[in-house]
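> 3D, please:
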Amino acid sequence: MVQVQDKPFVFPGKDDRLALLESEPLVCETPASLLDAETTPAAHFFIRNNGRIPPEVTAPDGWTLTIDGEVRVPLTLTLRDLKVRYPSTTLHMVLECGGNGRAFFEPRASGNPWTHGGVGCAAWTGVRLALVLAEAGLTEVACYTAHYGADAPVNGEDRPALSRGVRIEKACEPHAMLVWGMNGAPLPAIHGGPLRLIIPGWPGSASQKWLTRITIRDREHDGPGMTGFSYRLPVTPLIPGEVGDPKRFRVLESMPVRSVITHPADGARVAAGTLEVRGAAWAGDFSVREVDVSLDGKGWQRAQLRPPRNRYDWQRWSAIVTLPTSGAAVIRARATDENGVSQPDHPVLWNPGGYGGNAIHRVAIWVG
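Numbers count the residues shown, from 1 in each chain. Take a look at the predicted model:
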(Lines give C-alpha, C1' and ligand atoms only; values in the text may rest on other atoms or scores of the structure.)
Protein backbone atom coordinates (compact mmCIF):
# COMPACT_ATOMS: atom_id res chain seq x y z
CA MET A 1 0.00 0.00 0.00
CA VAL A 2 1.35 3.40 -0.99
CA GLN A 3 1.27 6.29 1.47
CA VAL A 4 0.75 9.41 -0.62
CA GLN A 5 1.71 11.97 2.01
CA ASP A 6 5.38 12.22 3.01
CA LYS A 7 4.65 12.50 6.72
CA PRO A 8 3.54 9.44 8.75
CA PHE A 9 -0.04 9.02 9.87
CA VAL A 10 -0.56 9.98 13.51
CA PHE A 11 -4.02 10.46 15.05
CA PRO A 12 -5.28 9.83 18.60
CA GLY A 13 -6.82 6.38 18.96
CA LYS A 14 -5.69 5.25 15.51
CA ASP A 15 -3.12 2.64 14.48
CA ASP A 16 -0.10 4.36 12.91
CA ARG A 17 0.06 1.66 10.20
CA LEU A 18 -2.86 3.24 8.39
CA ALA A 19 -1.72 4.89 5.14
CA LEU A 20 -2.19 8.66 4.90
CA LEU A 21 -3.67 9.58 1.51
CA GLU A 22 -4.53 13.22 2.22
CA SER A 23 -4.06 15.55 5.18
CA GLU A 24 -6.82 18.10 4.56
CA PRO A 25 -9.43 16.82 4.45
CA LEU A 26 -8.09 13.85 6.39
CA VAL A 27 -8.15 10.62 4.37
CA CYS A 28 -6.38 7.38 5.33
CA GLU A 29 -6.60 3.76 4.23
CA THR A 30 -6.37 0.51 6.17
CA PRO A 31 -3.85 -2.17 5.13
CA ALA A 32 -5.80 -5.34 4.33
CA SER A 33 -3.95 -7.30 7.02
CA LEU A 34 -5.50 -4.99 9.67
CA LEU A 35 -8.97 -6.10 8.51
CA ASP A 36 -8.47 -9.67 9.76
CA ALA A 37 -10.86 -9.32 12.71
CA GLU A 38 -14.50 -10.29 12.30
CA THR A 39 -15.45 -6.80 13.51
CA THR A 40 -13.10 -3.95 12.55
CA PRO A 41 -11.72 -2.11 15.62
CA ALA A 42 -12.12 1.65 15.57
CA ALA A 43 -8.32 1.94 15.66
CA HIS A 44 -8.14 0.14 12.29
CA PHE A 45 -11.12 1.77 10.60
CA PHE A 46 -10.42 3.85 7.50
CA ILE A 47 -11.06 7.62 7.51
CA ARG A 48 -12.68 9.57 4.69
CA ASN A 49 -13.48 13.21 5.39
CA ASN A 50 -14.73 15.79 2.91
CA GLY A 51 -14.36 18.86 5.11
CA ARG A 52 -12.85 20.12 8.33
CA ILE A 53 -13.44 17.99 11.41
CA PRO A 54 -15.91 19.88 13.65
CA PRO A 55 -14.90 20.66 17.25
CA GLU A 56 -15.64 17.78 19.62
CA VAL A 57 -18.81 18.37 21.61
CA THR A 58 -18.72 18.30 25.40
CA ALA A 59 -22.41 17.33 25.84
CA PRO A 60 -23.15 14.88 23.02
CA ASP A 61 -26.70 14.04 24.23
CA GLY A 62 -27.66 17.64 23.44
CA TRP A 63 -26.68 17.30 19.77
CA THR A 64 -29.71 18.15 17.62
CA LEU A 65 -31.06 16.68 14.39
CA THR A 66 -33.72 18.36 12.25
CA ILE A 67 -36.04 16.47 9.89
CA ASP A 68 -37.78 18.83 7.46
CA GLY A 69 -38.84 19.29 3.85
CA GLU A 70 -41.55 17.02 2.45
CA VAL A 71 -42.83 15.91 5.86
CA ARG A 72 -46.12 16.59 7.63
CA VAL A 73 -44.55 17.25 11.04
CA PRO A 74 -41.02 18.74 10.98
CA LEU A 75 -38.96 17.40 13.88
CA THR A 76 -36.05 18.68 15.92
CA LEU A 77 -34.66 15.91 18.09
CA THR A 78 -31.72 15.78 20.46
CA LEU A 79 -29.51 12.74 20.63
CA ARG A 80 -31.09 12.10 24.03
CA ASP A 81 -34.53 12.10 22.35
CA LEU A 82 -33.37 9.51 19.84
CA LYS A 83 -32.08 7.27 22.61
CA VAL A 84 -35.23 7.56 24.75
CA ARG A 85 -38.09 7.74 22.25
CA TYR A 86 -37.11 4.93 19.89
CA PRO A 87 -35.88 1.35 20.35
CA SER A 88 -32.15 1.04 19.72
CA THR A 89 -30.59 -1.54 17.43
CA THR A 90 -27.06 -2.88 16.90
CA LEU A 91 -26.10 -4.29 13.50
CA HIS A 92 -22.80 -5.39 11.95
CA MET A 93 -22.55 -3.57 8.62
CA VAL A 94 -19.90 -2.77 6.05
CA LEU A 95 -19.02 0.85 5.34
CA GLU A 96 -17.03 1.34 2.12
CA CYS A 97 -15.71 4.41 0.32
CA GLY A 98 -17.16 4.81 -3.18
CA GLY A 99 -13.61 5.23 -4.50
CA ASN A 100 -12.28 1.99 -3.01
CA GLY A 101 -10.15 0.34 -5.72
CA ARG A 102 -9.64 3.59 -7.66
CA ALA A 103 -5.85 3.13 -7.85
CA PHE A 104 -6.21 0.23 -10.30
CA PHE A 105 -8.03 2.11 -13.07
CA GLU A 106 -6.00 2.70 -16.25
CA PRO A 107 -5.59 5.48 -17.15
CA ARG A 108 -5.60 6.88 -13.64
CA ALA A 109 -8.85 8.44 -12.45
CA SER A 110 -9.03 11.57 -10.31
CA GLY A 111 -9.25 11.38 -6.53
CA ASN A 112 -7.46 9.65 -3.66
CA PRO A 113 -5.69 6.47 -4.85
CA TRP A 114 -7.53 3.91 -2.70
CA THR A 115 -6.39 0.32 -3.16
CA HIS A 116 -8.43 -2.23 -1.17
CA GLY A 117 -8.55 -0.70 2.32
CA GLY A 118 -11.28 1.94 2.09
CA VAL A 119 -13.60 -0.37 3.99
CA GLY A 120 -14.44 -1.67 7.45
CA CYS A 121 -17.19 -3.59 9.22
CA ALA A 122 -18.26 -2.33 12.63
CA ALA A 123 -21.09 -2.99 15.08
CA TRP A 124 -23.21 0.16 14.74
CA THR A 125 -25.70 1.12 17.46
CA GLY A 126 -28.55 3.54 16.90
CA VAL A 127 -32.13 3.83 15.74
CA ARG A 128 -33.69 2.84 12.44
CA LEU A 129 -34.11 5.95 10.29
CA ALA A 130 -37.49 4.66 9.10
CA LEU A 131 -38.94 5.05 12.61
CA VAL A 132 -38.04 8.74 12.73
CA LEU A 133 -39.29 9.38 9.20
CA ALA A 134 -42.57 7.66 10.10
CA GLU A 135 -43.07 10.05 13.01
CA ALA A 136 -42.38 13.03 10.74
CA GLY A 137 -44.83 11.65 8.17
CA LEU A 138 -43.67 11.68 4.54
CA THR A 139 -45.80 13.56 2.02
CA GLU A 140 -47.05 11.96 -1.21
CA VAL A 141 -44.24 13.57 -3.25
CA ALA A 142 -41.36 12.59 -0.93
CA CYS A 143 -38.84 10.68 -3.02
CA TYR A 144 -35.28 11.58 -1.92
CA THR A 145 -33.31 12.54 1.17
CA ALA A 146 -30.74 15.33 1.50
CA HIS A 147 -28.14 14.97 4.27
CA TYR A 148 -26.26 17.78 6.00
CA GLY A 149 -23.40 17.66 8.53
CA ALA A 150 -21.46 20.04 10.75
CA ASP A 151 -18.19 19.83 8.79
CA ALA A 152 -17.20 22.87 6.72
CA PRO A 153 -15.30 22.91 3.40
CA VAL A 154 -11.52 23.05 3.74
CA ASN A 155 -11.44 26.04 1.36
CA GLY A 156 -13.73 28.09 3.59
CA GLU A 157 -16.59 28.37 1.11
CA ASP A 158 -20.03 29.13 2.50
CA ARG A 159 -21.64 25.81 1.55
CA PRO A 160 -21.76 22.25 2.93
CA ALA A 161 -18.57 20.24 2.54
CA LEU A 162 -20.74 17.39 1.25
CA SER A 163 -24.49 16.93 1.00
CA ARG A 164 -25.62 13.67 -0.50
CA GLY A 165 -28.88 11.77 -0.33
CA VAL A 166 -30.59 8.50 -1.22
CA ARG A 167 -33.89 7.35 -2.67
CA ILE A 168 -36.60 7.31 -0.03
CA GLU A 169 -36.99 3.54 -0.45
CA LYS A 170 -33.38 3.07 0.65
CA ALA A 171 -33.76 5.49 3.56
CA CYS A 172 -36.74 3.48 4.81
CA GLU A 173 -34.94 0.14 4.71
CA PRO A 174 -34.74 -1.37 8.23
CA HIS A 175 -30.91 -1.30 8.09
CA ALA A 176 -30.58 2.45 7.37
CA MET A 177 -29.70 3.90 10.76
CA LEU A 178 -29.05 7.03 12.79
CA VAL A 179 -25.96 5.90 14.70
CA TRP A 180 -24.40 7.02 17.98
CA GLY A 181 -22.37 3.91 18.90
CA MET A 182 -19.54 1.95 17.32
CA ASN A 183 -18.35 -1.42 18.63
CA GLY A 184 -20.04 -0.95 21.98
CA ALA A 185 -18.59 2.50 22.65
CA PRO A 186 -19.73 6.05 21.86
CA LEU A 187 -19.22 6.88 18.19
CA PRO A 188 -15.74 8.49 17.91
CA ALA A 189 -15.69 12.07 16.65
CA ILE A 190 -13.38 11.11 13.78
CA HIS A 191 -16.06 8.69 12.56
CA GLY A 192 -18.88 11.23 12.71
CA GLY A 193 -19.74 11.28 16.40
CA PRO A 194 -21.86 12.09 18.19
CA LEU A 195 -24.36 11.25 15.39
CA ARG A 196 -24.08 9.99 11.84
CA LEU A 197 -26.02 8.10 9.21
CA ILE A 198 -25.24 4.58 8.10
CA ILE A 199 -26.71 3.77 4.69
CA PRO A 200 -25.32 0.24 4.19
CA GLY A 201 -24.43 -1.25 0.82
CA TRP A 202 -24.12 2.15 -0.87
CA PRO A 203 -21.00 4.38 -1.01
CA GLY A 204 -19.91 5.67 2.38
CA SER A 205 -20.41 9.28 1.31
CA ALA A 206 -24.18 8.73 1.71
CA SER A 207 -23.59 7.91 5.41
CA GLN A 208 -23.26 11.55 6.48
CA LYS A 209 -20.95 12.26 9.42
CA TRP A 210 -21.73 14.80 12.18
CA LEU A 211 -25.35 14.72 11.04
CA THR A 212 -27.43 17.85 11.76
CA ARG A 213 -30.29 17.77 9.26
CA ILE A 214 -32.14 15.51 6.85
CA THR A 215 -34.35 17.33 4.35
CA ILE A 216 -36.88 15.24 2.43
CA ARG A 217 -37.12 16.31 -1.20
CA ASP A 218 -39.55 15.79 -4.08
CA ARG A 219 -36.72 15.17 -6.55
CA GLU A 220 -33.21 13.71 -6.72
CA HIS A 221 -30.96 15.72 -4.44
CA ASP A 222 -28.51 18.11 -6.12
CA GLY A 223 -26.20 19.04 -3.24
CA PRO A 224 -22.37 18.97 -3.28
CA GLY A 225 -21.32 15.42 -4.18
CA MET A 226 -24.51 14.63 -6.14
CA THR A 227 -23.99 16.31 -9.52
CA GLY A 228 -21.54 16.28 -12.41
CA PHE A 229 -19.19 13.30 -12.09
CA SER A 230 -19.30 13.12 -8.27
CA TYR A 231 -20.20 9.60 -7.08
CA ARG A 232 -21.74 8.92 -10.49
CA LEU A 233 -21.22 6.22 -13.12
CA PRO A 234 -21.74 6.38 -16.89
CA VAL A 235 -25.02 4.94 -18.17
CA THR A 236 -23.16 3.43 -21.14
CA PRO A 237 -19.48 2.35 -21.09
CA LEU A 238 -16.81 4.96 -21.84
CA ILE A 239 -13.53 4.49 -23.63
CA PRO A 240 -10.89 4.45 -20.84
CA GLY A 241 -9.73 8.03 -20.39
CA GLU A 242 -12.88 9.52 -21.92
CA VAL A 243 -14.64 12.12 -19.78
CA GLY A 244 -18.11 11.80 -21.23
CA ASP A 245 -21.24 13.90 -20.79
CA PRO A 246 -22.32 14.28 -17.13
CA LYS A 247 -25.95 14.19 -18.29
CA ARG A 248 -25.33 10.56 -19.26
CA PHE A 249 -24.26 9.56 -15.74
CA ARG A 250 -26.30 8.02 -12.93
CA VAL A 251 -25.90 8.10 -9.14
CA LEU A 252 -23.67 5.35 -7.75
CA GLU A 253 -25.90 3.23 -5.53
CA SER A 254 -25.19 -0.41 -4.59
CA MET A 255 -21.45 -1.07 -4.34
CA PRO A 256 -20.01 -3.97 -6.39
CA VAL A 257 -18.99 -7.39 -5.12
CA ARG A 258 -15.53 -7.48 -3.53
CA SER A 259 -13.22 -9.69 -1.49
CA VAL A 260 -10.01 -8.91 0.38
CA ILE A 261 -7.28 -11.22 1.64
CA THR A 262 -6.60 -10.36 5.28
CA HIS A 263 -4.09 -13.18 5.95
CA PRO A 264 -1.30 -13.55 5.01
CA ALA A 265 -0.18 -9.94 4.71
CA ASP A 266 1.28 -8.65 1.47
CA GLY A 267 5.05 -9.24 1.53
CA ALA A 268 4.90 -11.92 4.24
CA ARG A 269 7.52 -14.69 4.39
CA VAL A 270 5.95 -18.09 5.02
CA ALA A 271 7.10 -21.69 5.23
CA ALA A 272 6.56 -24.14 2.38
CA GLY A 273 3.65 -26.57 2.67
CA THR A 274 0.07 -25.68 3.48
CA LEU A 275 -1.16 -22.24 4.46
CA GLU A 276 -4.50 -20.92 5.68
CA VAL A 277 -5.65 -17.98 3.57
CA ARG A 278 -8.52 -15.95 4.96
CA GLY A 279 -10.39 -12.77 4.28
CA ALA A 280 -13.75 -11.05 3.94
CA ALA A 281 -16.26 -10.54 1.13
CA TRP A 282 -19.31 -8.33 0.60
CA ALA A 283 -21.52 -7.20 -2.29
CA GLY A 284 -23.39 -3.95 -1.68
CA ASP A 285 -27.13 -4.63 -1.51
CA PHE A 286 -26.60 -8.32 -2.24
CA SER A 287 -25.08 -11.35 -0.55
CA VAL A 288 -21.92 -13.19 -1.57
CA ARG A 289 -22.51 -16.60 -3.11
CA GLU A 290 -18.92 -17.88 -3.23
CA VAL A 291 -15.25 -16.95 -2.92
CA ASP A 292 -12.43 -18.64 -4.83
CA VAL A 293 -8.67 -18.40 -4.35
CA SER A 294 -5.83 -19.09 -6.76
CA LEU A 295 -2.02 -19.23 -6.81
CA ASP A 296 -1.68 -18.80 -10.57
CA GLY A 297 -4.80 -16.99 -11.74
CA LYS A 298 -5.88 -20.03 -13.74
CA GLY A 299 -6.83 -22.81 -11.35
CA TRP A 300 -9.30 -21.69 -8.69
CA GLN A 301 -10.12 -23.35 -5.38
CA ARG A 302 -13.42 -22.80 -3.54
CA ALA A 303 -13.06 -21.20 -0.10
CA GLN A 304 -15.23 -21.95 2.90
CA LEU A 305 -17.68 -19.03 3.20
CA ARG A 306 -19.40 -18.15 6.47
CA PRO A 307 -22.89 -16.61 6.54
CA PRO A 308 -23.29 -12.97 7.62
CA ARG A 309 -24.38 -12.12 11.16
CA ASN A 310 -27.09 -9.91 9.66
CA ARG A 311 -27.77 -8.38 6.26
CA TYR A 312 -24.97 -6.00 5.12
CA ASP A 313 -22.40 -7.72 7.34
CA TRP A 314 -19.33 -8.91 5.47
CA GLN A 315 -18.83 -12.64 5.09
CA ARG A 316 -15.61 -14.15 6.40
CA TRP A 317 -13.97 -16.89 4.35
CA SER A 318 -10.94 -19.19 4.56
CA ALA A 319 -9.13 -21.76 2.42
CA ILE A 320 -6.14 -24.09 2.84
CA VAL A 321 -3.72 -23.80 -0.08
CA THR A 322 -0.59 -25.80 -0.90
CA LEU A 323 2.40 -23.56 -1.56
CA PRO A 324 5.39 -24.18 -3.82
CA THR A 325 8.60 -25.29 -2.13
CA SER A 326 10.31 -21.90 -2.44
CA GLY A 327 10.25 -18.54 -4.21
CA ALA A 328 7.62 -15.88 -4.79
CA ALA A 329 3.91 -16.64 -4.93
CA VAL A 330 0.85 -14.50 -5.58
CA ILE A 331 -2.44 -15.35 -3.89
CA ARG A 332 -5.61 -14.10 -5.56
CA ALA A 333 -9.16 -13.93 -4.19
CA ARG A 334 -12.32 -13.57 -6.28
CA ALA A 335 -15.85 -13.17 -4.91
CA THR A 336 -19.12 -13.84 -6.75
CA ASP A 337 -22.44 -12.35 -5.64
CA GLU A 338 -25.89 -13.94 -5.50
CA ASN A 339 -26.59 -12.76 -9.06
CA GLY A 340 -23.55 -14.60 -10.45
CA VAL A 341 -21.49 -11.41 -10.92
CA SER A 342 -17.79 -11.95 -10.14
CA GLN A 343 -14.91 -9.59 -9.51
CA PRO A 344 -12.97 -8.81 -12.69
CA ASP A 345 -9.23 -9.25 -13.11
CA HIS A 346 -8.92 -5.50 -13.70
CA PRO A 347 -11.43 -2.66 -13.11
CA VAL A 348 -14.19 -2.30 -15.69
CA LEU A 349 -16.61 0.56 -16.47
CA TRP A 350 -13.95 3.26 -16.49
CA ASN A 351 -15.21 6.60 -15.18
CA PRO A 352 -13.44 9.91 -14.46
CA GLY A 353 -14.10 9.65 -10.70
CA GLY A 354 -12.73 6.11 -10.43
CA TYR A 355 -15.80 4.75 -8.63
CA GLY A 356 -16.79 1.10 -8.30
CA GLY A 357 -13.38 -0.41 -9.08
CA ASN A 358 -13.52 -3.95 -7.67
CA ALA A 359 -10.58 -5.81 -9.22
CA ILE A 360 -9.56 -9.07 -7.53
CA HIS A 361 -7.19 -8.71 -4.61
CA ARG A 362 -3.63 -10.01 -5.00
CA VAL A 363 -1.18 -10.64 -2.18
CA ALA A 364 2.48 -11.37 -2.92
CA ILE A 365 4.34 -13.61 -0.46
CA TRP A 366 7.78 -15.22 -0.25
CA VAL A 367 7.90 -18.96 0.41
CA GLY A 368 10.87 -20.48 2.24
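> contacts and neighbour counts: CA atoms only from here.
Noted.
> List phi and psi for Arg85.
Torsion angles at Arg85 (phi, psi; degrees, to the nearest 10) stand at phi -90, psi -20.
> domains for this protein, by residue range?
Using automatic domain parsing, the domain ranges for the chain come out as 19-251, 258-367.
> Save those as TSV, and put in mean pLDDT and distance to Gly13 too.
Shown next, in TSV, are the domains of the chain (pLDDT from 0 to 100; distance: least, Cα to Cα, whole Å):
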stretch	mean pLDDT	distance to Gly13
domain 19-251	97	6
domain 258-367	97	22
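> Lys7 is nearest to which of those?
Ranking the domains of the chain by proximity to Lys7 (Cα to Cα) places domain 19-251 first, at 8.1 Å.
> ok, the nearest residue to Pro324 once chain neighbours are set aside - how many residues close by?
Setting aside the residues directly before and after it, Pro324 is nearest to Ala272 in space (Cα to Cα, 6 or more residues apart in numbering), at 6.3 Å. Number of residues near Ala272 (other Cα atoms under 10 Å) recorded here: 15.
> wait, doesn't Ala272 sit right on Gly327?
No. Contact between Ala272 and Gly327 fails when scored by Cα atoms under 8 Å: they sit 9.4 Å apart.
> Which parts of this structure are helices?
Shown for the chain, the helices assigned by DSSP state H span residues 79-85, 129-136, 168-171.
> Columns mean neighbour count and distance to Phe105 on top of these, output as CSV?
Shown next, in CSV, are these (neighbours: other Cα atoms under 10 Å; distance: least, Cα to Cα, whole Å):
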stretch, mean neighbour count, distance to Phe105
helix 79-85, 15, 41
helix 129-136, 18, 35
helix 168-171, 18, 29
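> End to end on stretch 95-106, go ahead and measure it.
Terminal residues of stretch 95-106 are spaced 25 Å apart (Cα to Cα, to the nearest Å).
> Quick one: residues in contact with that stretch.
48, 108-109, 111-122, 198, 200-205, 231, 240-241, 252, 255, 346-347, 350, 353-359 (Cα atoms under 8 Å, 6 or more residues apart in numbering).
> for it, the distance to its chain's centre please.
With Cα atoms, centre = their mean, to the nearest Å as the basis, stretch 95-106 stands 10 Å off its chain's centre.
> Could you list the buried residues of that stretch?
Buried residues in stretch 95-106, counting neighbours by 16 or more other Cα atoms under 10 Å, are found at 95-105.
> among the residues you listed, which are in strands?
Assignment to strands by DSSP state E places the following of those there: 95-96.
> So which residue is dead centre in the chain?
Glu96 (1.1 Å; Cα atoms, centre = their mean).
> And the helices of the chain: which comes nearest Thr212?
helix 79-85 (10.4 Å).
> so where do the strands sit in the stretch 251-368 of the chain?
With strands called from DSSP state E, counting those that start in this stretch, the stretch 251-368 of the chain shows them at 258-263, 269-270, 274-282, 288-294, 301-302, 304-305, 315-322, 327-337, 361-367.
> is it possible to export those strands to TSV including mean neighbour count and distance to Arg213?
Shown next, in TSV, are the strands of the stretch 251-368 of the chain (neighbours: other Cα under 10 Å; distance: least, Cα to Cα, whole Å):
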stretch	mean neighbour count	distance to Arg213
strand 258-263	26	32
strand 269-270	15	50
strand 274-282	21	30
strand 288-294	22	34
strand 301-302	16	46
strand 304-305	17	39
strand 315-322	19	33
strand 327-337	21	35
strand 361-367	19	38
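> Provide a list of residues in contact with the residue nearest to Ala32 when sequence neighbours are not counted.
Counting by Cα to Cα, 6+ apart, Ala32 lies nearest to Thr262, which is 5.2 Å off, once chain neighbours are set aside. Counting by Cα under 8 Å, 6+ apart, Thr262 touches 32-36, 277-280.
> will you turn the helices of the chain into CSV that also has distance to Ala152?
Shown next, in CSV, are the helices of the chain (distance: least, Cα to Cα, whole Å):
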stretch, distance to Ala152
helix 79-85, 21
helix 129-136, 24
helix 168-171, 24
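> just to revisit the earlier point, can you lay out the domains of the chain as JSON lines showing distance to Gln5?
Listed next are those as JSON lines, based on distance: least, Cα to Cα, whole Å:
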{"stretch": "domain 19-251", "distance to Gln5": "6"}
{"stretch": "domain 258-367", "distance to Gln5": "20"}
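> how close does Leu195 sit to Thr125?
The gap separating Leu195 from Thr125 is 10 Å, by Cα to Cα.
> just to revisit the earlier point, overlap of the contact sets of Ala272 and Gly327?
Counting by Cα under 8 Å, 6+ apart, the residues touching both Ala272 and Gly327 are 367-368.
> what sits against Asp61?
Shown in contact with Asp61 (Cα under 8 Å, 6+ apart): 78-80, 194.
> closest to Gly149 among the residues you listed?
Closest approach to Gly149 among these (Cα to Cα): Pro194, at 11.3 Å.
> and the closest one, how many neighbours?
By the criterion of other Cα under 10 Å, Pro194 has 25 neighbours.
> do Arg52 as well
By other Cα under 10 Å, the residues close to Arg52 number 17.
> Tell me the bridge partners for it.
Under DSSP bridges, the beta-bridge partners of Arg52 are Ala152.
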